[in-house]
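Trainee: Sequence first, predicted model second:
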Amino acid sequence: MREAILTATLAATTALASLAGGVLTNTNQHIDFLRMVARGASTDIDAVYTNPAGTAFMADGWKLSLNVQSAYQTRTIASTFALYPEGTRNYKGDASAPILPSAYATYNHGHWGVSGFIGVVGGGGKCSFGSGLPVFDSQVMAAILAQSKGTVTPAMYSINTAMRGSQFIYGGQFGGVYRFTPGLSGYLGLRVNYFFGNYSGHVIAKLNNVDKTLADLELDCDQTGWGATPIIGIDYRYKGLTLAAKYEFITKLNIENDTKVNSDPDGALAEFKDGVNTPGDVPAYFAAAVGYAFTPRLRATVEYHFYDDKNAKMAGDKQKALKRGTNEVLAGVECDINKTFTVSAGGQKTIYGLADDFQQNTAFSCNSYSVGLGGAVHFSKKLTMNIGYFWTMYKKYTKDVPASATGGYNGTTLAGKEVMDRTNKVFGMGIDYKF
C-alpha cells in the first residue's frame with residue numbers, strides 16, 4: 001500500500017512546478033504607478049519603464065530615482081471533497097515581499113538620451129501554505145481508500161503537508177531615445193532578466209497510534225535562468241495631448257534545477273532532478289496610452305495593456321489551457337495642489353483568459369479591480385518624494401470538477417470543488433532627484 005500511496009502523492013507534489021511557470025509581469029516598478037496607476041504617458045523618471053520614448057522630452061541632464069515597496073498577499077482555497085470528514089476544508093497561503101527596491105537613471109542632451117533601471121520585474125515574493133494544499137490531501141486520501149479497499153478510513157490516519165515557494169525575476173534595462181521632431185520620439189532598449197526560485201515541501205501520512213508510515217516524501221529545489229527582452233517605444237505629443245506606446249518582446253527563459261532534496265529523482269519527481277531544464281517564458285507585453293493635460297496643474301491618462309500569456313511557454317505547456325492572453329484597462333488623474341504638493345489616484349481592471357485546466361493550487365489567478373492613491377511632496381525643483389498605496393479586489397474563481405471528468409478531482413476519480421480567492425496590498429515610498 002505504501003508504494004501506491006507514495007506514487008499518488010509524488011504526482012500531487014509535481015504541482016509545485018507551477019510556481020515556476022506563468023511568471024507574472026510586475027508593472028508596479030515606481031511609486032508613481034502605485035499612486036496614479038495609469039502612467040503610460042509619463043515624462044517623469046518613471047517613464048524609463050512605463051513610457052521609455054517619453055524620456056526624450058525630459059530636460060537635459062541627469063535624473064535619479066530610488067524606490068522601495070512592500071507587498072503582502074493572501075491566497076485562499078475552499079476545497080469540497082467527499083473524503084474530507086468536515087466536507088469542506090479551507091487552505092490559506094501567505095505571500096510577502098517586504099522589500100522590493102528599484103532604481104532609475106536618465107541622461108538627456110539635446111535630441112537624444114539614455115536611460116536604465118534595475119528592479120524586480122516578475123515574481124517578487126514568497127508564499128507558504130503551512131497546512132498543505134487540496135492537491136496533496138485529496139490524492140493521498142483517495143489512494144489510501146483505494147489500496148485499503150475501504151478498510152482504512154480518514155479517522156485512522158493523519159496527513160502532515162506543507163509547501164513553500166518563492167520566485168524573483170531581477171531585471172536590468174538599458175536603452176536609448178531620440179526626438180525626431182519637437183513632438184515625436186522613438187526608443188530602443190534591452191532588459192536582461194535573471195530568474196531565481198525555490199520550491200520545497202513535504203507530505204507525510206501515518207497511521208494513528210501505530211508506528212507505520214504510509215507516505216513520506218520531501219522536495220527542496222532551487223531554480224535559476226536568464227533571458228533578454230528587446231523593447232521598442234514611440235511617443236507623440238501635441239500641445240496637451242500625448243499618445244504613447246511600447247512593446248516588450250517575449251522573453252525566452254530556460255530554467256535549470258539545482259536540487260538539494262528529491263525523494264524520487266528518477267520517478268515521479270523526475271522534472272525536479274538536478275540539472276533538468278524547464279521553460280518559464282515572460283509573455284510579450286503591449287501598452288498604449290493617451291494622456292491629456294487639461295491645465296498646467298491637472299493631468300489624466302487612460303491606458304491599455306495586453307500580455308500574450310497564451311504564447312509564453314510554461315512548464316508542462318500549461319499555457320495551452322488558457323483561452324487567451326490578459327487584458328488590462330487603466331485610468332488615472334493627477335493634480336498639483338500647489339508648488340509643494342501633488343495628489344493622484346487611479347484604477348485598473350485585469351481580465352485573464354482563465355480556464356479550469358490552467359488553475360492550480362500553487363499558481364492561480366483571479367480577475368480583479370485595483371485602486372491606487374497617494375501623492376508627491378516637492379521639497380525643491382530638484383528633490384521630490386512620492387508615496388503610494390495600491391490594493392486589489394479579486395473576483396473568486398470556482399473550479400467544479402465532476403467525477404465524470406478525466407481523472408476526476410485531482411486525479412482521484414471522485415468529484416470535487418474549489419473556490420479560489422486572493423488579497424493584495426502594496427505600499428511604497430521613493431525619492432526622485434534632478435541634478
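Mentor: Alright, I've got the coordinates. Just so you know, these numbers come straight off a predicted model, no measurement behind them.
Trainee: When you work out contacts or count neighbours from here on, use the C-alpha atoms and nothing else.
Mentor: Noted.
Trainee: Could you measure from Asn367 over to Ile351?
Mentor: The spacing between Asn367 and Ile351, counted by Cα to Cα, to the nearest Å, is 5 Å.
Trainee: and what of Thr295?
Mentor: Where Ile351 is concerned, Thr295 sits at a distance of 33 Å (Cα to Cα).
Trainee: Looking at the two, which one has more neighbours?
Mentor: In terms of neighbours (other Cα atoms under 10 Å), Ile351 is the more surrounded of Thr295 and Ile351; the figures are 17 against 9.
Trainee: State the helix or strand in which Val48 lies.
Mentor: Assigned by DSSP states H and E, Val48 falls within helix 47-50.
Trainee: With Thr259 instead?
Mentor: Applying DSSP H and E as the criterion places Thr259 in strand 254-262.
Trainee: partners of that strand, with directions?
Mentor: Partner strands for strand 254-262, per DSSP bridges, with pairing direction: strand 213-238 (antiparallel), strand 277-279 (antiparallel).
Trainee: could these be laid out in TSV, adding distance to Met156?
Mentor: TSV is the format used below for these (distance: least, Cα to Cα, whole Å):
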stretch	distance to Met156
strand 213-238	12
strand 277-279	39
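Trainee: Mind checking those for the one nearest to Lys382?
Mentor: Between Lys382 and the strands paired with strand 254-262, the shortest gap by Cα to Cα is with strand 213-238, which sits at 24.5 Å.
Trainee: buried stuff in the closest one?
Mentor: Neighbour-count burial for strand 213-238, counted by 16 or more other Cα atoms under 10 Å, picks out 214-237.
Trainee: How far off centre is the helix or strand following that strand?
Mentor: Next in sequence after strand 213-238, counting helices and strands by DSSP H and E, comes strand 241-248. What separates the centre of strand 241-248 from the centre of its chain is 23 Å, taken as Cα atoms, centre = their mean, to the nearest Å.
Trainee: quick one, strand 241-248 and strand 213-238 angle?
Mentor: 140 degrees (axes from the mean of the first three to the mean of the last three Cα atoms, to 10 degrees).
Trainee: residues making contact with strand 241-248?
Mentor: 40-41, 51-54, 229-237, 284-293 (Cα atoms under 8 Å, 6 or more residues apart in numbering).
Trainee: Note down every partner strand of it and its orientation.
Mentor: Paired neighbours of strand 241-248 in the sheet (DSSP bridges): strand 213-238 (antiparallel), strand 285-295 (antiparallel).
Trainee: And for Asp309, the neighbour number?
Mentor: Residues near Asp309, counting by other Cα under 10 Å: 26.
Trainee: now Asp266
Mentor: Neighbour count of Asp266, defined by other Cα under 10 Å: 11.
Trainee: contacting residues for the closest residue to it other than its chain neighbours?
Mentor: Computed as Cα to Cα, 6 or more residues apart in numbering, the closest residue to Asp266 that is not its neighbour in sequence is Lys273, at 7.3 Å. For Lys273, the contact set (Cα under 8 Å, 6+ apart) comprises Asn257, Asp258, Thr259, Asn262, Pro265, Asp266.
Trainee: Would you mind confirming that the fifth one makes contact with Phe272?
Mentor: Yes - Pro265 is within contact range of Phe272, at 6.8 Å (criterion: Cα atoms under 8 Å).
Trainee: Same drill for the two, tell me which one is more crowded.
Mentor: The neighbour comparison of Pro265 against Phe272 (other Cα under 10 Å) goes to Phe272, with 30 against 15.
Trainee: if I pick the more buried one, what's in contact with it?
Mentor: Counted by Cα under 8 Å, 6+ apart, Phe272 has contacts Cys221, Asn257, Thr259, Asn262, Pro265.
Trainee: just curious, which of these is nearest to Gln360?
Mentor: Closest to Gln360, out of all of the contacts of Phe272 and judged by Cα to Cα, is Cys221, at 19.1 Å.
Trainee: From Pro134, how far off is that closest one?
Mentor: 21 Å.
Trainee: Next: Val276.
Mentor: 27 Å.
Trainee: What is the burial count for Lys339?
Mentor: 12.
Trainee: Show me what counts as buried in the helix or strand hosting Phe306.
Mentor: Assigned by DSSP H and E, Phe306 belongs to strand 298-307. Across strand 298-307, burial judged by 16+ other Cα under 10 Å covers Arg299, Ala300, Thr301, Val302, Glu303, Tyr304, His305, Phe306, Tyr307.
Trainee: Likewise for stretch 382-395?
Mentor: Thr384, Met385, Asn386, Ile387, Gly388, Tyr389, Phe390, Trp391, Thr392, Met393, Tyr394.
Trainee: got it, and stretch 235-252?
Mentor: 235-237, 242-252.
Trainee: From one end of that stretch to the other, what's the distance?
Mentor: 27 Å.
Trainee: quick one: average pLDDT of that stretch?
Mentor: Stretch 235-252 shows a mean pLDDT of 97 in the predicted model.
Trainee: can you check stretch 33-51 too?
Mentor: pLDDT averaged over stretch 33-51 gives 98.
Trainee: just for this structure, where's the confidence low?
Mentor: Counting by pLDDT under 70, the ranges of the chain that qualify are 1-25, 124-125, 267-269.
Trainee: and with 80 instead?
Mentor: In the predicted model, the chain carries pLDDT under 80 at residues 1-27, 123-126, 130, 211, 214-217, 264, 266-271, 362.
Trainee: quick one: the helices in it?
Mentor: Counting by DSSP state H, the chain has helices at residues 2-13, 31-36, 47-50, 134-147.
Trainee: Can you give me every residue that contacts the nearest residue to Arg164 once chain neighbours are set aside?
Mentor: Of all residues not flanking Arg164 in the chain, Ser128 sits nearest, at 4.3 Å (Cα to Cα, 6+ apart). Remark: with contacts taken as Cα under 8 Å, 6+ apart, Ser128 is in contact with Gly93, Asp94, Ala95, Ala162, Met163, Arg164, Gly165.
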